[in-house]
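Visitor: Kindly return the folded structure for what I paste below:
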Amino acid sequence: MRSLFNLLGGSPACYVKGNEDRGEDKIRISEPPRHLQRLRAESSEDEPLPLLRGAHPIQEAGESLVLNRLGSIIPRSSMTVKPERVFISVDMEGISGIVDPSQTGGDPKEYDYGRKLMAGDVNAAIEGALAAGAKEVVVSDAHGGGRNIQPEDLNEAAILVRGTPKPFTMMEGIGGEFDAALYVGYHSMKGTENGILAHTISGNVVDAVHINGRETGEFGLNAALAGWHGVPSVFISGDAAVAEEARSFVPEVKAAVVKWAVGRHAARCLHPNRARTLIRKTVAEALANVEAVEPYWVKEPVEVRLRFNREQMADLASFLPYLERLDGKTVRGVFDDYPTAFRGLRAAIYVAGTT
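Guide: Predicted structure coming up:
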């Protein structure tokens, strides 16, 4: 094990960020993330501390390495993380028992029941995280306007992020201080066969999103933001289609499949109690093996291609100075880093959605 401070000439204000994806041999040095600065100030080199996933992985001699709280570079394979801080993003279309838009906001009575189902699934995930040793759980209400979970229905051990607009939308609150990210009630991307309520961000606006040439749905978009912070995406719940999609981005992700679609608005569903038992169990298993999952990392600079449902939407999005028009319905932008790309994408969708 080598000290980061020794590697960088003894400077305590340096941070290593991997550049292997860009074909660069040199290590780029910059200010460390705020959470790493804080933990370094609070820590003593005389006592062992849990590892932190807040720094990006770097590669050396073919081995995956990470930084721990004291700034030491160690092999990821040697990590024995017991996750203490867990982030949960909870959507609605993938919640157990939900199969129709009326349950996600289209009908007051059905929506009220859908909200109860949503709270049940996310509470099961919280319970699984607590059983695995989590001491802090943050839940981001990620569906629509972000006011779906009634605060009193949520396990009181969790902190709830709700409301809109939020700078990082479904992932508001994510940061390098977290040990793992979980995704509850997620759905597959638009156009997926046998995907319950499949869409990408806004079904009325978005036809497809491509990141660096790869079509990407909400799980991939959000896992990449977590990965930028060095946080691995270890769990997802929803239908069989979104589980398959998630594994295509993060092969090691654990999935709790709670329904199997037979059409866009029809599925074979587990009983909610059975679904929650499965979620609770799978979350605990995922967090017990968090060190086996690599954070999902998108190469930078990031190319975003956004195809809208209608030409007029692209007309409006083209007013944004960071986008160029490719064809009647498609715009493109290139961004220096992923968080900027993420926000640029969401801003374009908001603007286009005003038509």
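Visitor: ok, and the closest non-adjacent residue to G353?
Guide: Of all residues beyond its chain neighbours, the one nearest G353 is V205 (4.7 Å), with distances taken as CB to CB, 6 or more residues apart in numbering. Placement of C-beta: from N, CA and C, glycine included.
Visitor: ah, wrong one, I meant R115
Guide: Here the nearest residue to R115 in space, its sequence neighbours aside, is N148; by CB to CB, 6+ apart that works out to 5.5 Å.
Visitor: Would you check how far apart the one you found and N204 are?
Guide: Plainly put, N148 is 18 Å away from N204 if you go by CB to CB, to the nearest Å.
Visitor: Who has more neighbours out of the two?
Guide: Using other CB atoms under 10 Å, the more surrounded residue of N148 and N204 is N148, with 24 against 12.
Visitor: give me the number of residues near the residue nearest to G353?
Guide: There are 22 residues near V205, going by other CB under 10 Å.
Visitor: Enumerate every residue touching it.
Guide: F308, N309, M313, I349, A352, G353 (CB atoms under 8 Å, 6 or more residues apart in numbering).
Visitor: now do 6 Å
Guide: Taking CB atoms under 6 Å, 6 or more residues apart in numbering as the definition of contact, the neighbours of V205 are I349, A352, G353.
Visitor: how close does the last one sit to M92?
Guide: Just to be clear, that refers to G353. The span separating G353 from M92 equals 18 Å under the rule CB to CB.
Visitor: and these two? which has more neighbours close in?
Guide: Set G353 next to M92 and count neighbours by other CB under 10 Å: M92 wins out with 26 against 16.
Visitor: what ranges of the stretch 1-150 of the chain fall below the confidence cut-off?
Guide: Per-residue confidence for the stretch 1-150 of the chain (pLDDT under 70) gives these ranges: 1-81.
Visitor: If G333 is in a bridge, with which residues?
Guide: V304 (DSSP bridges).
Visitor: now it: how far from R343?
Guide: Distance from G333 to R343, by CB to CB: 11 Å.
Visitor: Also R280?
Guide: In this structure, R280 lies at 34 Å from R343, with CB to CB as the measure.
Visitor: These two: which is more packed in?
Guide: Between R280 and R343, counted using other CB under 10 Å, R280 has the larger neighbour count: 21 against 15.
Visitor: Could you verify my assumption that the more buried one touches G128?
Guide: Yes - using CB atoms under 6 Å, R280 is in contact with G128, at 4.3 Å.
Visitor: Okay, buried residues for the helix or strand hosting G185 please.
Guide: Applying DSSP states H and E as the criterion places G185 in strand 180-186. Residues of strand 180-186 classed as buried by neighbour count (16 or more other CB atoms under 10 Å): A180, A181, L182, Y183, V184, G185, Y186.
Visitor: And stretch 242-254, by the same measure?
Guide: Applying a neighbour-count criterion of 16+ other CB under 10 Å, the buried positions in stretch 242-254 are V242, A243, E245, A246, F249, V250, V253, K254.
Visitor: of all these, which comes closest to A132?
Guide: Each of the buried residues of stretch 242-254 was scored against A132 by CB to CB, and K254 proved nearest at 11.7 Å.
Visitor: surely that closest one meets T282?
Guide: Yes - look at K254 against T282 with CB under 6 Å: they come within range, at 5.2 Å.
Visitor: Okay, angle between the helix or strand containing E127 and strand 180-186 too, please.
Guide: Assignment of secondary structure by DSSP H and E places E127 within helix 108-131. For helix 108-131 and strand 180-186, the angle between their directions (axes from the mean of the first three to the mean of the last three CA atoms, to 10 degrees) works out to 160 degrees.
Visitor: Tell me how far helix 108-131 lies from the chain's centre.
Guide: Using CA atoms, centre = their mean, to the nearest Å, the mean C-alpha position of helix 108-131 is found 19 Å from that of the whole chain.
Visitor: which helices and strands does it pack with?
Guide: Applying 3 or more CB pairs under 6 Å, 6 or more residues apart in numbering; DSSP states H and E, one finds that helix 108-131 contacts strand 85-90, strand 180-186, helix 272-288.
Visitor: Which secondary structure elements does the longest one sit against?
Guide: Using 3+ CB pairs under 6 Å, 6+ apart as the contact criterion, the secondary-structure elements in contact with helix 272-288 are helix 108-131, strand 233-239, strand 254-263.
Visitor: circling back: how near is the residue nearest to G353 to L306?
Guide: Following CB to CB, the distance that separates V205 from L306 is 9 Å.
Visitor: how close does R310 get to L182?
Guide: For R310, the distance to L182 equals 35 Å [CB to CB].
Visitor: Specify the beta-bridge partners of A158.
Guide: For A158, the beta-bridge partners are V137 (DSSP bridges).
Visitor: sorry, back to before: in a markdown table: the helices and strands packed on helix 108-131, plus distance to T164.
Guide: Below are the helices and strands packed on helix 108-131 laid out as a markdown table (distance: least, CB to CB, whole Å):
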| stretch | distance to T164 |
| --- | --- |
| strand 85-90 | 14 |
| strand 180-186 | 17 |
| helix 272-288 | 25 |
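Visitor: Out of these, which is closest to E136?
Guide: When the helices and strands packed on helix 108-131 are ranked by distance to E136, counting by CB to CB, first place goes to strand 85-90 at 4.7 Å.
Visitor: between that closest one and helix 108-131, how many degrees?
Guide: Relative orientation of strand 85-90 with respect to helix 108-131: 160 degrees, computed using the same axes, to 10 degrees.
Visitor: give me the number of residues near the spatially closest residue to E110 that is not a sequence neighbour?
Guide: Among residues not flanking E110 along the chain, S102 sits closest, at 4.1 Å (CB to CB, 6+ apart). A total of 16 residues lie near S102 under the criterion other CB under 10 Å.
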